[in-house]
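Engineer: no FASTA, just this:
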């Protein structure tokens, strides 16, 4: 496969991943579909790891990867070099999403434990006592309903998306460097066509 085609495939794959990350991050603002006060939303949601990290910072290189993989003006060594720089940006966005999502999973949600006060009941747990491995502790959170499951599912989705995006962007860094050094195969195809 030519570096240009590989770049295009990666770019096409990144678009739905970025869209899913943005939607998942937005859903974290509405636990169980409810609108809460700003002070009742888990603090790590405000880091915009899905909207900014795995969303916007990945959409930008995805556009460039599509351009670098096409037959237009970007299908050259300069285009591949720019795609490398933007792929590094996308890689960093994916890693940022992974880090924040991991912290969100480990720390647990902000919830009402029954006394009307919102707090983080799982933030000081040891690994052995972590709520992720002990489902019986989930009943400590009374409001919002199903907040623990809501956070686990959405932070896990964002974690998986961030890992996949970081891997794809890293592949594009290598692919783009090969395309920059060796060319994108576009010249070879045009030479073969004109030689017939």
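Structural biologist: Sure thing, it's come through. A quick note: this is a predicted structure, and the numbers were derived from the prediction, not measured. Numbers count the residues shown, from 1 in each chain.
Engineer: Go through the protein and flag its longest helix.
Structural biologist: Ordering each helix of the chain by length in residues (DSSP state H) puts helix 147-182 first.
Engineer: Mind listing what's buried along it?
Structural biologist: 147-148, 150-152, 154-166, 168-173, 175-180 (16 or more other C-beta atoms under 10 Å). To be clear about C-beta, it is placed using only N, CA and C from the backbone, and glycine gets the same treatment.
Engineer: quick check: mean pLDDT across that helix?
Structural biologist: Taken as a whole, helix 147-182 has a mean pLDDT of 94.
Engineer: how far is that helix from where the chain is centred?
Structural biologist: On the basis of C-alpha atoms, centre = their mean, to the nearest Å, helix 147-182 is displaced by 6 Å from the centre of the chain it belongs to.
Engineer: Local confidence estimate at residue 77?
Structural biologist: 73.
Engineer: Nearest residue to it in space, please, no chain neighbours.
Structural biologist: Of all residues not flanking residue 77 in the chain, residue 180 sits nearest, at 5.0 Å (C-beta to C-beta, 6 or more residues apart in numbering).
Engineer: Please verify my assumption that the one you found contacts residue 81.
Structural biologist: Yes: the criterion here is C-beta atoms under 8 Å, and residue 180 meets it with residue 81 at 4.7 Å.
Engineer: show me what contacts residue 41?
Structural biologist: 28, 29, 31, 110 (C-beta atoms under 8 Å, 6 or more residues apart in numbering).
Engineer: Confirm that residue 9 sits in a helix.
Structural biologist: Yes: using DSSP: H, G, I helix; E, B strand; the rest coil, the secondary structure at residue 9 is a helix.
Engineer: so how many other residues sit close to it?
Structural biologist: Here the count is done by other C-beta atoms under 10 Å, and residue 9 has 18 residues near it.
Engineer: One more: residue 110?
Structural biologist: 23.
Engineer: Can you give me every residue that contacts the nearest residue to it once chain neighbours are set aside?
Structural biologist: Leaving aside its sequence neighbours, residue 110 sits nearest to residue 42 (C-beta to C-beta, 6+ apart; 4.6 Å). Neighbouring residues of residue 42 by C-beta under 8 Å, 6+ apart: 28, 104, 109, 110, 151.
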